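Enquirer: Have a look at this prediction, sequence included:
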Amino acid sequence: MKLFDSFCEYLSTITLINKKVISVTLLSIFCLAFFSLLKNIASFFISRRNKNARGEYFFNQFLKVFLNVIEVLTLLVIWNDHIKNFVTLISVISAAMTIALREVILNFFAGLYIKVKRPFKVEDRIQIGDIKGDVMNISTFGFDILEVSNEIKNGQSTGIVVSFPHSVIMTTPVKNISKGFKYIWNELVVKIDFNCNLVKNKQEIYRIVNSIETIKSIPRKMKEQIREIGADSRVYFNKYDPIIYTKIVDDHIELSIRYLMHPKKARYVESVIWNKIYEAYQDKKIQLYTK
């Protein structure tokens, strides 16, 4: 402690800041760093020892809450003698600044929230209201997205850059299509003749879908990504491979093909599937409904 006191005294001499303020500030920094390291170490050992994803998730969340409580209590003890003056000072400053610079302050703190909480990052595909696009840049007071068209089901770039202030995330829900894992589910509906051989048609469509490399390799990658985020987010799927659902509609049958894909490759993948289905139809391997 003597060494620490001497160091604080030295900093006080150089900066002309009260020694006690320097002392509690340094202790707070050490406290935050220590608990951050402790949380990372705990999460590491939990992921190594616990093979049950559900148990790992809930135990990890409980441990984080417990450590956060201890961390806050420790900081309160450190700042005990300064809290009253600190709260009074903050109240006066906040009242004045809120009136004069409300929007600037809101944008600034919303920007800090984006940096720390990371509801989205550069290259993520997000949707705010009716505007959907890929995040291009995140600056101090706002962010830009490259818009994709909503007229096309999975969207293609329009070339238009839309700018938002950070404060928009405080009032409008943000849909992040890329967060957690890179892939989303997509469905295509293929209409086939009512009198066809249903089993053979479905087998051919399965063959087509599974022959596309960009679809075939995704289930394995998806499982790995869900495993990686399992400690922080409770996300799971019962099935990862492509599946075809059958529905009878009037005088034809609808086959809904459900598969995982990268959202930015959606239109390309759909085009490949339809090309192969058309080729199979021409070769009489699939009996499409043409009425």
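Expert: Received the coordinates, thanks. Note that this is a predicted model, so its numbers are computed, not measured. Residues are numbered from 1 along each chain as shown.
Enquirer: quick one: low-confidence ranges for the protein?
Expert: Under the criterion pLDDT under 70, the flagged ranges of the chain are 1-2, 4-5, 7-12, 15-19, 46-58, 61, 79-103, 150-156, 180-181, 225-238.
Enquirer: mind listing the strands for the stretch 1-150 of the chain?
Expert: Along the stretch 1-150 of the chain, counting by DSSP state E, counting those that start in this stretch, strands occupy 125-128, 131-138, 142-148.
Enquirer: Including distance to Glu71 and mean neighbour count, could the ones you listed go into a markdown table?
Expert: In this view, the C-beta of every residue, glycine as well, is placed from N, C-alpha and C. Output for the strands of the stretch 1-150 of the chain, formatted as a markdown table (distance: least, CB to CB, whole Å; neighbours: other CB atoms under 10 Å):
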| stretch | distance to Glu71 | mean neighbour count |
| --- | --- | --- |
| strand 125-128 | 31 | 20 |
| strand 131-138 | 28 | 17 |
| strand 142-148 | 30 | 19 |
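Enquirer: wait, which of those strands is closest to Lys239?
Expert: Lys239 sits nearest to strand 125-128 of all the strands of the stretch 1-150 of the chain, at 23.7 Å, using CB to CB.
Enquirer: Pairing partners for that closest one, with directions?
Expert: Strand pairing for strand 125-128, determined by DSSP bridges: strand 131-138 (antiparallel), strand 174-176 (antiparallel).
Enquirer: domain parsing for the chain?
Expert: 2-100, 119-176, 184-282 (automatic domain parsing).
Enquirer: can those go into CSV with extra columns for distance to Phe108?
Expert: Formatted as CSV, the domains of the chain follow (distance: least, CB to CB, whole Å):
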stretch, distance to Phe108
domain 2-100, 10
domain 119-176, 7
domain 184-282, 27
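Enquirer: Between the ones you listed, which one is closest to Phe109.
Expert: domain 119-176 (8.2 Å).
Enquirer: how much distance is there from the closest one to the middle of the chain?
Expert: Centre-to-centre, domain 119-176 and its host chain are 13 Å apart (CA atoms, centre = their mean, to the nearest Å).
Enquirer: re the thing from before, switch the strands paired with strand 125-128 over to CSV; also include distance to Ala280.
Expert: As requested, the strands paired with strand 125-128 are exported to CSV (distance: least, CB to CB, whole Å):
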stretch, distance to Ala280
strand 131-138, 33
strand 174-176, 36
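Enquirer: So which of those strands is nearest Tyr278?
Expert: It's strand 131-138; of the strands paired with strand 125-128, that one is closest to Tyr278 (CB to CB) at 29.3 Å.
Enquirer: and the angle from that closest one to strand 142-148?
Expert: When axes from the mean of the first three to the mean of the last three CA atoms, to 10 degrees is applied, the directions of strand 131-138 and strand 142-148 differ by 140 degrees.
Enquirer: so which strand or helix has the residue sitting nearest the centre point of the chain?
Expert: Nearest to the geometric centre of the chain sits Lys179, at 2.2 Å (CA atoms, centre = their mean). Using DSSP states H and E, Lys179 maps to neither a helix nor a strand.
Enquirer: Give me the buried stretch members for the longest helix seen in the chain, please.
Expert: Looking across the chain with DSSP state H, the single longest helix is helix 19-49. Judged by neighbour count (16 or more other CB atoms under 10 Å), helix 19-49 contains these buried residues: Ile22, Ser23, Val24, Thr25, Leu27, Cys31, Phe35, Lys39, Ala42, Ser43, Ile46, Ser47.
Enquirer: counting contacts, what elements does that helix pack onto?
Expert: On a contact count with 3 or more CB pairs under 8 Å, 6 or more residues apart in numbering; DSSP states H and E, helix 19-49 meets helix 2-15, helix 53-78.
Enquirer: report the angle between the axes of that helix and helix 53-78?
Expert: Per the same axes, to 10 degrees, the angle that helix 19-49 makes with helix 53-78 is 170 degrees.
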